[in-house]
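J.: Show me the folded form of this:
(chains A and B)
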Amino acid sequence: MFNTYDLFSMKGKNVLITGGRVMYGLGATMALADAGANLYLASHSVESAREFVEQLSAEKGIKVTAVPFDQGDPASIDAMFKTVIADGGSLDAFIHCSRTIPSSTKNGPTPWDTGDDAIEANVRTNSAATIHMVQLAGAQMVKQRSGSIVVFGSMMGLIGVEKHNYDIPEQGTFGAVGAGGHTYAVDKSGLTAWIRHAASYYGQYGVRINAVCPGGLNSHRTSEDFARQYSKHTQLGRLANQEDVSGLILTLASDAGAYLTGLNIPIDGGYTAL
Amino acid sequence: MQNFLTSFSLSGKNALVVGGEHAYGPELIAGLQAAGARVWTAGSAPITDVPSEGFFPYHHTSADEADALAAWAKDTMGTVDVLVENVLNMDTAPGWDHDFDSINAQAQTAMGGMILTVQAMGRMMAAQGHGSVILSTDYGALVGYDPHNYEGCPELYQRDFSLLRGYVRGSCVNYVRQAAGFLGEHGCRCNALAFAPMAGKQPQAFEDAFVAHNQIKRLATAEDIAAAVTFLASDASVYITGITLPVDGGYTAK
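T.: As a prediction, the model looks like this:
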């Protein structure tokens, strides 16, 4: 007999996830592991991922494999997809949580004055690399005539900056100017539209693509002042925890989301609804 | 009360149109001129079918180049009341399969290039204390293109279903909100226009299919482009900032 719960199962499915060991990515990984996926964790260092991989595999009783990944290096991305597809024989879901903040770039006195090397690096390692990765995942899924792609967008791909949230002395760089980085808004805005564009293309091949658009995460880097002011602008009155994304990620990755495509879904405690 | 219709006039205003060589460019320039503006242009190639007060070769490559554009604009135009950036309507390489270098090069020109222009010109317009920034794109910024509209014209399908098209076209929708946050307190505004395809520029099969799915039963005309850009450029829209205005006969409203 039909059991709704089975729709969420990832047993026997090969899933590649980037950024899966930290923040929202960890919330996604735990959900996919609980659902029984055969997990490939894209890792900047396979060695440093080893303990996490062994522990997750033992705890959840699933196969977990770390694969080398450097988001700034197209050759590494190509090799990663080849490795995963050769090893698993298929790619049933691709979850892209990783975002790189290039460290070798300089900015001007305010966020408005972004240096062109910072713009170049951000467009390259975030926008262009994301398109490249989805294209590679999509090519395999088109062959299979099935698959689900989930990309992390952002609340900042849906709305502008609430200056007031940043009118705090220790976060003054934002408050002084009123608009944050150019590249983040442009990248996430482009992604929002592209999810619909890519869904139009992949739909005819039975492949789905969606974006989850989280709001602010409660992490060790969040100041109390920011948390208080930000939380007032959400309907649920709090920042997000990393596991807040788990249910949605699993829904979109699994057959529970079989008729969901082209969506940009906010996970923001109602921030964008205010 | 003064006759509010005069607020639509661009008489006495100076406009700079960047990337006018791409789709909708000539119509944007002619529309601003018809409303009374003097129009200067910048881009990778001069536009021959409409006149311009002056042209600056500009390839969306670097902060230095964007600063040079702003310096040229200040020297030759004096005041820039209106900036139209049309680079997002550039042709992206057709088809879905591209290598990383091709993806990156296109993303750098369109998305990085748009930032460079808005950053440098925004700084200049903020110093002036007024100005309207308009980012020009098409309806793909708001919805996915519909594969069914392309049955019967595979060449156009290759063009519009190019890998980067949606990313590029849509990158302004939230950027205008972000930029509006900086420009607002300096008396400047930033909005986007998202156009439907123009009548007579695609194969008949596509145009028929698009019109069948549209609420107003035709494609966009030069007059539609002119009216929309005039509205956002003029003082008739002084309290409007951070929006993307669809100019599409209701296509994206369904």
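J.: in what helix or strand does A:Asp117 lie?
T.: Element membership of A:Asp117 [criterion: DSSP states H and E] is helix A:116-122.
J.: buried residues in that helix?
T.: Across helix A:116-122, burial judged by 16 or more other CB atoms under 10 Å in any protein chain shown covers A:116, A:118-122. C-beta here means a position set from N, CA and C on the backbone, and glycine is covered the same way.
J.: show me the contacts for residue 212.
T.: Picking chain A for this. With contact set as CB atoms under 8 Å, 6 or more residues apart in numbering or on different chains, A:Val212 has these partners: A:150-153, A:245, A:248-249, A:252, A:265, A:267.
J.: cutoff 10 Å now
T.: Residues in contact with A:Val212, defined by CB atoms under 10 Å, 6 or more residues apart in numbering or on different chains, are A:24, A:28, A:95, A:97, A:150-154, A:245, A:248-249, A:251-252, A:263-267.
J.: For A:Cys97, report the pLDDT, please.
T.: Per-residue confidence (pLDDT) for A:Cys97: 96.
J.: Could you pull up the contacting residues of it?
T.: If you count contacts by CB under 10 Å, 6+ apart, A:Cys97 has them with A:17-29, A:42, A:150-152, A:212, A:214, A:245, A:249.
J.: Run a quick neighbour tally on the residue of the stretch 101-250 of chain A found nearest chain B.
T.: Relative to chain B, the nearest point of the stretch 101-250 of chain A is A:Ala193 (2.0 Å; CB to the nearest CB). Residues near A:Ala193, counting by other CB atoms under 10 Å in any protein chain shown, number 28.
J.: how about it, what does it touch?
T.: A:157, A:264, B:137, B:140-144, B:165-174, B:194.
J.: Give me the distance between the most centrally placed residue in chain B and A:Ala86.
T.: When CA atoms, centre = their mean is applied to chain B, the residue found nearest the centroid is B:Ser136 (1.6 Å). From B:Ser136 across to A:Ala86, the span is 45 Å (CB to CB, to the nearest Å).
J.: go on, A:Ala129?
T.: Per CB to CB, A:Ala129 is found 21 Å from A:Ala86.
J.: Which pLDDT value belongs to A:Arg167?
T.: Actually, residue A:167 is Asp. It isn't Arg. If you check A:Asp167, the pLDDT there is 66.
J.: With the one 5 residues further on instead?
T.: The confidence metric pLDDT takes the value 45 at A:Gly172.
J.: lowest-confidence helix or strand of the chain?
T.: You didn't say which chain, so I picked chain A. The weakest-scoring helix or strand in chain A, judged by mean pLDDT, DSSP states H and E, is helix A:172-177 (a mean of 42).
J.: wait, I meant chain B there
T.: Taking mean pLDDT, DSSP H and E as the measure, helix B:175-183 is the helix or strand of chain B with the lowest mean score, a mean of 92.
J.: by contact count, what packs against that helix?
T.: Under the contact definition 3 or more CB pairs under 10 Å, 6 or more residues apart in numbering or on different chains; DSSP states H and E, helix B:175-183 sits against helix A:172-177, helix A:182-203, helix B:113-128, strand B:131-138, strand B:188-195, strand B:244-247.
J.: The third one to strand B:188-195, inter-axis angle?
T.: In other words, helix B:113-128. Calculated by axes from the mean of the first three to the mean of the last three CA atoms, to 10 degrees, helix B:113-128 forms an angle of 140 degrees with strand B:188-195.
J.: Helix B:113-128 close to chain A?
T.: Yes. Using CB under 10 Å from any CB of the partner chain, helix B:113-128 reaches chain A at B:113-116, B:118-120, B:122-123, B:126.
J.: Name the nearest residue to B:Phe100, ignoring sequence neighbours.
T.: In this structure, B:Phe100 finds its nearest non-sequential neighbour in A:Pro74, 3.6 Å apart by CB to CB, 6 or more residues apart in numbering or on different chains.
J.: Give me the neighbour count for that neighbour.
T.: A:Pro74 has 19 neighbouring residues, counting by other CB under 10 Å.
J.: and if you look at the one 10 residues further on?
T.: By the criterion of other CB under 10 Å, A:Val84 has 24 neighbours.
J.: In a helix, it, correct?
T.: Yes. Under DSSP: H, G, I helix; E, B strand; the rest coil, A:Val84 sits within a helix.
J.: Now do the SS call for A:Tyr40.
T.: strand.
J.: gap between it and A:Thr29?
T.: 11 Å.
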